[in-house]
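Undergrad: Sequence and predicted structure below; questions after.
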Amino acid sequence: MNTSGVTLRLLDKADKEILKLPRAVKGAFFDFQHKFKANPHTAGLKLQQLKGDSRLWSARVNDEYRALLLRLAEDDWLIVSVRHRKHVYDRLSYGVNQVTGGIEYVDLEVVEDSVLRRLPAPATSVQAPGAPPAPAGPPAPERQPPPARTLFAEWTGQQLLDLGVAEPLLPVIRTLTTEDQLLGLVEYAPQLTGEVLLSLFDGASYTDVLDQVTRPVAATGPVDPEDFEAAARRPATVVTTTDEALREALESGDFGRWKLFLHPTQAKLVERRHRGPARVSGGPGTGKTIVALHRVQHLVRQLPPGRDTSVLLTTYNKNLAADLRSRLLELGGEELLARVEVSHVDQLALRIVREAEPGSGKQTIDDNQAVREWRALLDELGESAWEPEFLHDEWTQVILGQAVGARTEYFRARRAGRGTNIGRGERAEIWQLAERFTQRLDRLGRQTWDQVAERAARLEMGREQRILQIARQREEAGGLDNIHLMDSSGGWLRYRYRHIVVDEAQDLRPAHWKMLRAMTPRTADDLFIVGDTHQRIYKNQVTLGSLGIHIRGRSAKLSLSYRTTRQILRSALGILGGTTYDDLDGGEDTLAGYRSVLSGSRPSGHPFPDWGAEREGIAALIKKWDASEELSTPHERIAICVPTNQMAAEVGYTLRLHGIHSVEIRADGPDGSGGVHIGTMFRFKGLEYQRMIIAGVTDGLVPREAVHALRDTDPVRYRADIQRARSLLFVATTRARDTVDMFWHGKASPFLDGSWTVGDS
Ligand SMILES: Nc1ncnc2c1ncn2[C@@H]1O[C@H](COP(=O)(O)OP(=O)(O)OP(=O)(O)O)[C@@H](O)[C@H]1O
């Protein structure tokens, strides 16, 4: 707790610099900020204003290092940089960005140096290490190579400024001729400048950049360039202030940054008050889960003091829920976790059902087991007119999905997205089979997850009705508290949660939504829904409005990927083809503006004649990485993704023959540690690896042969199945931070476009 009244903030770019400092200097910096907060004017800190500058000050961190600070107000300071004391301070520039209203700081010398280091060959002007810094103004090679067209010649200075580019960088931007130089500039430029320039460079139009990159972070009101205090409060100034945050920045390095520095668009979503359910979409790696976690923390901070768990954080499977729990713990410790229930949605539904039917003891089975039960039933009946998969989908998506309770209702039920038209006579047959199927499951003491969800939804909706009825009676009785607010178990009858936050929303079943809707009162900030329909890998397509969840006017999008490089992102988008995706509410969602400022090598393609050779190729690639100092990667940061369990086992076997240890990713996470992770595509949702190898991406496997067969017989189902198969491959590809290697044998999957350059395997 700071008692001196001094506020000390740290600019996110300064934090990046500090991370690169030697350990001892980091320690000294931590002590420095404590002393500074206690009294900035202590003699030992040597606080002094830089010559001729009204706001920029320097202070002593240790004998060698100085902190540079902007004085925002009397006792309000912002650390913008930590530098060696010999560093020259006369080319520093700071100001309030006219578009975002955020504070920006640029060390022109550092930026120009970074660009100069990347001059195109023959590099007649490359500076020797330790050479004196370039003089003011744009860097000029000693002997001019033939004039190359500069990258941003097409746009005027004013146009770039209107997009939010930092003004002091315009001269150096005008000198850029190669992508490499641009990356050199982006490394040290303010965040928005980097995003704008890379988007333009990658071919986005001026208006698209304005709409998708600049507008979401533009200031809402007029910007006063002299008002630094106001500027510091805007989300565009990405800062942190707390002691713990500073410690975190020093100790956990890059891995902990998500806890401290939110992108302005992320920060807005975390803090915004909504009058009803709100939804956040965005491509893979844009920080949707990070926003969900910070949102939970924000909501908990608004709760009245107490010990109850009034916030639910839920997602669609056990593995992801476990991950959310550990990340929430990292973010806010036990104190935060104590106010939040983190559970996966099926588990929550099962708890509701068990609470209502204690001792029912039914075994819950998954979709594969259920399809086997359908097959057994059809065999027993000698029925061959229907496929078990078709009946199972019809039963879960139409009958259970729409809570169809009677045969006549089923005759009228909408079957959107189900393909094959079926008439009244066929519906009568299906209805009868579905009845037999549920009787069979009952007899065997089994239930499916869809049944559990449906039952939980009904129970919760009933409970909400009782709550509302009691509230009405209470009102009629003049607000007197003489009505028994008891539920069957004798507890007080009230809504289970005050706020619900949902991650990976695209894969929840319709009944889950009904259940969740009934669990929280219809008040401000009730439901916060995060998901990306481009990553839907199950068949649960919903229209939230029809399930009582109205998000119109409260939707927002994240578009900057923090995970994947621009090169991977471009190839991954190619996998989706031109297909359209829904927005969970009957409309359309797109990945327009989806971008990254990270750069790396292009993804590679590796063709092989057969599966055996392909597996050998995978082993050879891993060994190649192991043998190189530059490419070597800890094995647990490498994953191999394949279409089937059988193929996963076979890859594991081949790797073992080459002495490479691997662990299988199961439904509840990796089965062990310390080896290359191998799993089927379904297992990769929510995971992240430094290197992804995606194998078996062969036509007939991706998508499966059976899908092709539907093309003529059932075009609607064909389109839906193709879309899901594309999403599966898209999810796998976007798990990669640095590299993706796509392997196939025979004919490559039709989902791969020309961007998959063939590697040297
Ligand atoms: N503001 C941030 N600062 C630093 N890192 C961030 C930030 N936001 C997200 N990240 C990092 O980016 C990666 C992806 O974030 P996250 O998992 O939240 O994305 P997502 O949109 O939920 O992805 P997916 O849809 O693929 O599951 C994580 O490693 C996360 O730590």
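TA: In hand now; what should we look at?

Undergrad: Would you mind naming what in this protein lies close to the ligand?
TA: For the chain, the residues in contact with the ligand (Cβ under 6 Å from any ligand atom) are 257-258, 261-263, 266, 282, 284-290, 532, 535, 562-563, 686, 688, 734. For every residue, glycine as well, the C-beta is placed using N, CA and C.

Undergrad: from those, which ones fall inside helices?
TA: Assigned to helices by DSSP state H, the following of the residues of the chain next to the ligand qualify: 257-258, 266, 288-290.

Undergrad: okay, among those, which ones form the most distant pair?
TA: The distance between the two most remote of these (Cβ to Cβ) is 16.4 Å, for Arg257 and Lys288.

Undergrad: who's more crowded, those two?
TA: Lys288 (24 against 19; other Cβ atoms under 10 Å).

Undergrad: ok, now how distant is that one from Leu701?
TA: Separation of Lys288 from Leu701 (Cβ to Cβ, to the nearest Å): 29 Å.

Undergrad: give the contact list for the nearest residue to Glu179 once chain neighbours are set aside.
TA: What sits nearest to Glu179 in space, not counting adjacent residues and going by Cβ to Cβ, 6 or more residues apart in numbering, is Phe201, at 6.8 Å. Residues touching Phe201, when contacts are defined by Cβ atoms under 8 Å, 6 or more residues apart in numbering, comprise 151, 179, 182.

Undergrad: for Ile618, same thing?
TA: In this structure, Ile618 makes contact with 640, 651, 654-655, 693, 695, 743, judged by Cβ under 8 Å, 6+ apart.

Undergrad: Mark which of those residues are buried, thanks.
TA: With burial judged by 16 or more other Cβ atoms under 10 Å, the buried subset of the contacts of Ile618 is 640, 651, 654-655, 693, 695, 743.

Undergrad: possible to save the residues you listed as TSV with pLDDT and distance to Leu78?
TA: As requested, the buried ones among the contacts of Ile618 are exported to TSV (pLDDT from 0 to 100; distance: Cβ to Cβ, whole Å):
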residue	pLDDT	distance to Leu78
Ile640	98	46
Val651	98	51
Thr654	98	55
Leu655	98	51
Ile693	98	44
Ala695	98	49
Phe743	98	49
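
Undergrad: So which of those belong to helices?
TA: Here DSSP H is the test, and the buried ones among the contacts of Ile618 give 651, 654-655 as lying in helices.

Undergrad: What residues of stretch 344-363 count as buried?
TA: The neighbour-count criterion (16+ other Cβ under 10 Å) identifies 344-346, 348-350, 352-353, 356, 362 as the buried residues of stretch 344-363.

Undergrad: Could you export those as a markdown table, including secondary structure and pLDDT?
TA: Supplementary listing: the buried residues of stretch 344-363 in a markdown table, determined by DSSP: H, G, I helix; E, B strand; the rest coil; pLDDT from 0 to 100:
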| residue | secondary structure | pLDDT |
| --- | --- | --- |
| His344 | strand | 95 |
| Val345 | helix | 97 |
| Asp346 | helix | 95 |
| Leu348 | helix | 97 |
| Ala349 | helix | 97 |
| Leu350 | helix | 95 |
| Ile352 | helix | 96 |
| Val353 | helix | 95 |
| Ala356 | helix | 91 |
| Lys362 | coil | 88 |
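
Undergrad: For Leu728, see how far away Asp582 is.
TA: Taken as Cβ to Cβ, the spacing of Asp582 relative to Leu728 amounts to 17 Å.

Undergrad: neighbour-wise, which of those two wins?
TA: When Asp582 and Leu728 are compared for neighbours, Leu728 comes out ahead with 24 against 16, by other Cβ under 10 Å.

Undergrad: Name all residues that make contact with the more buried one.
TA: 537, 681-682, 702.

Undergrad: repeat that for 7 Å
TA: Shown here is Leu728, whose contacts under the criterion Cβ atoms under 7 Å, 6 or more residues apart in numbering are 537, 681.

Undergrad: same check, this time on Thr309
TA: In this structure, Thr309 makes contact with 339-341, judged by Cβ under 7 Å, 6+ apart.

Undergrad: Just list whatever residues bridge to the closest residue in space to Asp583 that isn't next to it in sequence.
TA: Closest residue to Asp583 apart from its sequence neighbours, by Cβ to Cβ, 6+ apart: Asp589 at 4.0 Å. Using DSSP bridges, the bridge partners assigned to Asp589 are Tyr581.

Undergrad: how about the closest residue to Leu45 other than its chain neighbours, phi and psi?
TA: Of all residues beyond its chain neighbours, the one nearest Leu45 is Ala59 (4.8 Å), with distances taken as Cβ to Cβ, 6+ apart. For Ala59, the backbone dihedrals (degrees, to the nearest 10) come out as phi -140, psi 150.

Undergrad: Now do the contacts for Leu328.
TA: Counting by Cβ under 7 Å, 6+ apart, Leu328 makes contact with 293, 296, 313, 336-337, 340, 342.

Undergrad: So which of those is the closest to the ligand?
TA: Looking at the contacts of Leu328 and their distance to the ligand, the nearest is Leu293, at 7.8 Å (Cβ to the nearest ligand atom).

Undergrad: Name the residue of the stretch 501-650 of the chain that lies nearest to the ligand.
TA: In the stretch 501-650 of the chain, no residue comes nearer to the ligand than Tyr562, which is 3.2 Å away by Cβ to the nearest ligand atom.

Undergrad: pretty sure that residue contacts Thr289?
TA: No: here Tyr562 does not reach Thr289: they are 10.7 Å apart, not a contact under Cβ atoms under 7 Å.

Undergrad: separation between the residue lying closest to Gln48 once chain neighbours are set aside and the ligand?
TA: Computed as Cβ to Cβ, 6+ apart, the closest residue to Gln48 that is not its neighbour in sequence is Ser58, at 6.0 Å. Relative to the ligand, Ser58 is positioned 28 Å away (Cβ to the nearest ligand atom, to the nearest Å).
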